[in-house]
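**Student:** what's the 3D shape of this:
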Amino acid sequence: MFIRRTASTLGLWGVVAAGFASRLGWAYVSLIGFLAVLASIEFFQMLRAGGMKSFPRFGVALAVTYSVVLYLFLLGVLPGGMPEWLDGAAVFVALAGAFTLQLRHPIRGTEPLQAVAANVVGFLYLPFLFNFCARIVFTVPGEGQVPGATLLLWMIAVTKFSDMGAYIVGSAIGKHKMIPHVSPGKTWQGFGGALAFALLAGCGLYALFHDDMPNFATGLHVLGGWGAVIVLSLVLSLLAVVGDLAESVIKRSLGIKDSGHMLPGIGGALDLIDSLCFTAPVLYFYLQWVA
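**Tutor:** Residues are numbered from 1 along each chain as shown. Next comes the predicted model:
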């Protein structure tokens, strides 16, 4: 398992490195969009396997449509900048569309509410949250097609090193269970490893790529300096753990082990991006606050 997981991790970093080296906006959004849609498909497949009603074709279609429209605005294909109405409109469509589809089916206890809620959660959890990765790339100052590329790389590294630290340290010396009713494999030793590895990645990459990261018009670095980097690394690590446990709640509720089998030792696309869905929005909001 360790060898398979390591091989998958190295392969994924190779893909990320290739996209980073391309410096092409469409390459970034294509990868982000592919993972968001694939994870959405896996989410609805998990619901079906767990015997929970939902509207998968509508959910996947909404994930594709929202992602495409978002990317067209981010890439400048649709003029006028990012509209304020886009997110609200997407949430409305997710809710109203699910209720409309439910009208075709009989009422059986709480099943209709579960079906509507499953579709709304599926949209918010995956295409909505994960696409903050794309927003980070395009909504910071800088030149070129992908001014925030180094910030995205920094955030991914902190998040994934947190996951890796939890796995490595937990596998090696983990003894005290953290939340056994949600994830029996998670330990407090692994949690400490997550924090330590996140700090290592956050501080290390900041030192290496400090000059490549953009600054605001005031001259302030987008990450705000060493103090902010340390705090951000710890906060993102905590959220990465929460994101991983959030997927564990879903899988445990449905009796599913892995969301898919795309990545040996890791699982599916949802297993890959679960922690990023919680860290990307926070970094984006932090950047907006600093700006």
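**Student:** buried sites along stretch 49-58?
**Tutor:** Judged by neighbour count (16 or more other Cβ atoms under 10 Å), stretch 49-58 contains these buried residues: 52-56, 58. No exception for glycine: its C-beta is placed from N, CA and C like everyone else's.
**Student:** and G81, its phi and psi?
**Tutor:** Taking degrees, to the nearest 10, you get phi 80, psi 180 for the backbone angles of G81.
**Student:** 761 is where my numbering starts, stick with that
**Tutor:** Taking 761 as the first residue, the last one we looked at is G841.
**Student:** you'd agree Q874 is up against F815?
**Tutor:** No. The criterion here is Cβ atoms under 8 Å, and Q874 misses it with F815 at 11.5 Å.
**Student:** where along the stretch 811-960 of the chain do the helices fall?
**Tutor:** Applying DSSP state H, counting those that start in this stretch to the stretch 811-960 of the chain gives helices spanning 816-834, 845-862, 871-883, 889-890, 892-898, 909-933, 948-969.
**Student:** got the buried residues of stretch 809-818 as CSV, with distance to F890 and pLDDT columns?
**Tutor:** Converted to CSV, the buried residues of stretch 809-818 look like this (distance: Cβ to Cβ, whole Å; pLDDT from 0 to 100):
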residue, distance to F890, pLDDT
M812, 21, 93
K813, 24, 94
S814, 19, 95
F815, 20, 97
P816, 18, 96
F818, 19, 98
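**Student:** out of these, the closest to A1006 would be?
**Tutor:** Nearest to A1006 out of the buried residues of stretch 809-818 is M812 (Cβ to Cβ; 16.5 Å).
**Student:** ok, A956 - contacts?
**Tutor:** 925, 929 (Cβ atoms under 8 Å, 6 or more residues apart in numbering).
**Student:** go again with 6 Å.
**Tutor:** Residues in contact with A956 (Cβ atoms under 6 Å, 6 or more residues apart in numbering) are G925.
**Student:** check the one 3 residues further on too.
**Tutor:** The contact partners of L959, by Cβ under 6 Å, 6+ apart, come to S993.
**Student:** give me that answer again for 8 Å
**Tutor:** Counting by Cβ under 8 Å, 6+ apart, the residues that L959 touches are 990, 993-994, 997.
**Student:** what about these, which are in helices?
**Tutor:** Counted as lying in helices by DSSP state H, out of the contacts of L959, are 990, 993-994, 997.
**Student:** now neighbour count and distance to M915 too, for these, in CSV please.
**Tutor:** Shown next, in CSV, are those (neighbours: other Cβ atoms under 10 Å; distance: Cβ to Cβ, whole Å):
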residue, neighbour count, distance to M915
I990, 14, 15
S993, 29, 10
L994, 17, 14
S997, 29, 11
